[in-house]
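Enquirer: Sequence unavailable; structure follows:
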Ligand code: E4P
């Protein structure tokens with residue numbers, strides 16, 4: 001296949017979605033997280049079916065053979081993350097050799113007594129054991145920089161969630177899929193920001209700039225939490241190495257009213273002489 005530098009991952013734990021994207025021939029990887037796994041499990045429960053999560057994950061890994069699949073740890077402490085990361089890797093990597101372990105950059109949920117270094121230490125420890133790491137929940141360029149220094153193979157800035165945060169904090173109502181300009185939005189006469197980050201795409205761009213400054217080549221910038229096709233386009237414009245997209249956004253990338261309208265016109269204009277030529 002032709003090698004195009006930006007990679008498209010699917011952000012999903014739904015087997016059918018992963019199969020659909022893969023069969024289109026443009027899929028480069030899969031990202032999951034506990035919320036996406038929950039969605040898949042709840043889908044089964046709703047239908048009154050049982051799910052063997054170990055077999056289920058193995059099926060995902062086989063569908064995506066040859067492509068990285070990120071599986072996330074759940075513990076908030078260094079020891080939990082290292083133990084879970086090793087367990088996930090040992091249990092699942094032999095299936096197709098494509099497991100990446102997702103580690104939150106900072107799992108502490110307590111500012112006062114939390115260990116803010118736990119994520120970075122876990123990345124360092126697991127990377128040192130040749131377990132490839134996707135560092136997740138990145139909301140600042142400096143988090144990405146430290147994750148890269150610790151040895152993460154991917155850093156995942158959550159573009160859409162930064163946009164959500166800027167809007168919520170400024171009491172701007174929005175739908176999750178609403179476009180948020182890469183250049184930011186104005187409020188009270190100034191561009192709103194989260195400590196100098198004016199949009200999720202700006203976060204991705206700043207990380208790319210810093211990585212370029214220091215010639216960081218071993219860590220790829222994976223634009224995550226992408227909510228609509230225009231945001232996916234902008235992630236590509238600012239040079240994201242990877243974009244992970246939900247299935248609806250992947251399919252929306254291909255749509256345009258004029259494409260459909262043009263298709264209808266061409267189909268309406270087919271003359272028998274031409275259609276006969278193409279029969280059989
Ligand atoms: C990334 O790896 C995450 O799974 C994901 O992109 C989060 O997206 P959301 O903010 O739309 O939930």
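Expert: That came through, no problem. It should be emphasised that the depicted structure is a prediction, and the values quoted were computed from it without experimental measurement.

Enquirer: and residue 230, what does it touch?
Expert: With contacts defined as CB atoms under 8 Å, 6 or more residues apart in numbering, residue 230 is in contact with residue 179. Bear in mind the C-beta positions are built from the backbone N, C-alpha and C, glycine included.

Enquirer: what about it, which helix or strand?
Expert: Per DSSP states H and E, residue 230 falls inside helix 229-237.

Enquirer: Following the chain onward from that helix, which element is next?
Expert: Sequence order places strand 242-245 as the next helix or strand after helix 229-237, per DSSP H and E.

Enquirer: Determine how far the next helix or strand after that following strand lies from the middle of the whole chain.
Expert: Reading on from strand 242-245 to the C-terminus, the next helix or strand found by DSSP H and E is helix 247-252. Helix 247-252 sits 13 Å away from the centroid of its parent chain (CA atoms, centre = their mean, to the nearest Å).

Enquirer: List the buried residues in helix 247-252.
Expert: 247, 249-250, 252 (16 or more other CB atoms under 10 Å).

Enquirer: of all those residues, which comes closest to the ligand?
Expert: residue 249 (9.5 Å; CB to the nearest ligand atom).

Enquirer: Hmm, residue 224 and that closest one touching each other?
Expert: No. Using CB atoms under 8 Å, residue 249 makes no contact with residue 224, being 11.7 Å away.

Enquirer: At the contact with the ligand, which residues of the chain appear?
Expert: Residues of the chain lying near the ligand by CB under 6 Å from any ligand atom: 11, 31, 33, 136, 156, 158, 160-161, 224-225, 244.

Enquirer: pLDDT (mean, whole number) over stretch 219-238?
Expert: Per-residue pLDDT values over stretch 219-238 give a mean of 97.

Enquirer: same question, stretch 59-68
Expert: Mean predicted lDDT for stretch 59-68 stands at 98.

Enquirer: how long is that stretch from one end to the other?
Expert: 14 Å (CA to CA, to the nearest Å).

Enquirer: Ok, stretch 154-161 next?
Expert: One end of stretch 154-161 to the other measures 18 Å (CA to CA).

Enquirer: Sounds good, over and out.
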